[in-house]
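# Fold the following for me, if possible:
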Amino acid sequence: MHYRKLGSTGREVSAIGIGTWQLGGEWGHDYSQAEADAILDAGAECGINLIDTAECYGDHLSESLIGDYLSRHDRSRWIVATKFGHRFHSFMRRTDDYSPDGVRVQLEASLRALRVEAIDLYQFHSGPDADFRNEALWTMLEQQKRGGKIRYLGVSILGKGSETQAREARSFGVRVLQVIYNRLDRRPEAQYFPSAQRDGLGIMARVPLASGLLSGKYKAGAAFAANDFRSTMTPERLRRDIEEVERIREEEVPAGVPMAQWALAWCLKNETVSAVIPGCKDAGQVRSNAAAADLAW
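So this is what the prediction gives:
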């Protein structure tokens, strides 16, 4: 495994992390503790030290599966990142709560679910600029940092984007930005990377495989189960993205290189990126993802 500095935090993270939205049950499969353990064991064996989860991947369900694992293993070897701002109700149904009191309650719930005394990276989760700019929220979070419950603050920028949040993040004590970045979506290179470079912010690239499309295994007409969030994509968008993936495979991916590994390495070729955090369905995918790090160096 290769490692990079996570911005100005001073921490070194594995270039490949483990994204865990799937553990919350919205990727077409309900995970058992044994399956979650196998994923995290494989990550540890490969030298991965970064886990990214969230309060609303299930109702703290992903966090709970991770927490059970951490309670039986060496917690100190992992950098655990989670998020705040949403309350999970059911499949793809959430309500927002970025109020200081609401987030304080969410923080305590995440600490309990993860079974940790402190969260390494606590991230504002896909919220609007008005909530991001609430100084009372960040004052409360700084108090939690001083109390030892949070080590570093981050912002996971919402999918449609916010240059404001990237530009102003450092003024609120934020050290890390999480952004959607992949070969199909290069907007962060212009929207967020300049702010990160200026302010010493780490970049965690989420959706680096474009929700699995850059694995190259989906063809025109692909359909997803009703309990898989990808079923919410419009047919036109899915068709367009799959066509572009086919073009990329033919014109850019070297012969003999698995497309998913190539796509992860493509993100890491940009040295502004501290780590990519792909999801994974099982231990085999974790090992395959980890192997992509060598392609980027």
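# In the stretch 151-297 of the chain, mark out all the strands, start to finish.
Taking DSSP state E, counting those that start in this stretch to define them, one finds strands in the stretch 151-297 of the chain at 174-180, 202-206, 275-277.
# Among these, show me which one is buried the most.
When neighbours are counted by mean count of other CB atoms under 10 Å, the highest per-stretch mean among the strands of the stretch 151-297 of the chain falls to strand 275-277, a mean of 29. C-beta coordinates here come from the backbone N, C-alpha and C atoms, glycine included.
# Off-centre distance for it?
For strand 275-277, the separation from the chain centroid amounts to 7 Å (computed by CA atoms, centre = their mean, to the nearest Å).
# on contacts alone, who are the packing partners of that strand?
The elements that strand 275-277 packs onto, with contact taken as 3 or more CB pairs under 8 Å, 6 or more residues apart in numbering; DSSP states H and E, are strand 50-52, strand 202-206, helix 259-268.
# Contacts for the longest one, please.
Residues lying outside helix 259-268 but in contact with it, judged by CB atoms under 8 Å, 6 or more residues apart in numbering, are 15-16, 181-183, 205, 208-210, 214-216, 245, 249, 252-254, 273, 276, 278, 288-289, 291-293, 295-296.
# Only whichever of the residues you listed are buried, select them in ChimeraX.
Command for ChimeraX, covering only those of the contacts of helix 259-268 found buried under the criterion 16 or more other CB atoms under 10 Å:
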select :15,16,181,182,183,205,208,209,210,214,215,216,245,253,273,276,278,288,289,291,292,293,295,296
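# pLDDT weak spots in the stretch 101-250 of the chain?
By pLDDT under 70, the low-scoring segments of the stretch 101-250 of the chain are 221, 229.
# which residue ranges form the strands in the stretch 1-150 of the chain?
3-5, 12-14, 18-19, 50-52, 79-84, 86-90, 93-96, 119-125, 150-156.
# closest to A283 out of these?
Comparing the strands of the stretch 1-150 of the chain by their distance to A283 (CB to CB), the top pick is strand 18-19, with 10.7 Å.
# what's the average pLDDT for the closest one?
When pLDDT is averaged over strand 18-19, the result is 98.
# picking up where we left off before, quick one: which of the helices and strands packed on strand 275-277 is nearest A42?
Across the helices and strands packed on strand 275-277, closest to A42 is strand 50-52 (CB to CB), at 12.4 Å.
# What mean pLDDT does that closest one get?
For strand 50-52, the mean confidence score works out to 98.
# Which elements pack onto that strand?
Strand 50-52 sits against strand 18-19, strand 79-84, strand 202-206, strand 275-277, with contacts defined as 3+ CB pairs under 8 Å, 6+ apart.
# Out of these, the one nearest R170 is which?
Distances from R170 to each of these were compared using CB to CB; the minimum, 11.6 Å, belongs to strand 202-206.
# Which parts of the stretch 51-200 of the chain are helices?
With helices called from DSSP state H, counting those that start in this stretch, the stretch 51-200 of the chain shows them at 61-70, 100-114, 129-132, 135-146, 163-168, 188-191, 193-199.
# Take the ones you listed and write them to CSV, including distance to R240 and mean neighbour count.
Converted to CSV, the helices of the stretch 51-200 of the chain look like this (distance: least, CB to CB, whole Å; neighbours: other CB atoms under 10 Å):
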stretch, distance to R240, mean neighbour count
helix 61-70, 30, 24
helix 100-114, 36, 18
helix 129-132, 29, 14
helix 135-146, 37, 15
helix 163-168, 25, 18
helix 188-191, 20, 15
helix 193-199, 25, 17
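# Columns distance to E236 on top of those, output as a markdown table?
Formatted as a markdown table, the entries for the helices of the stretch 51-200 of the chain read as follows, by distance: least, CB to CB, whole Å:
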| stretch | distance to E236 |
| --- | --- |
| helix 61-70 | 31 |
| helix 100-114 | 36 |
| helix 129-132 | 29 |
| helix 135-146 | 37 |
| helix 163-168 | 27 |
| helix 188-191 | 24 |
| helix 193-199 | 29 |
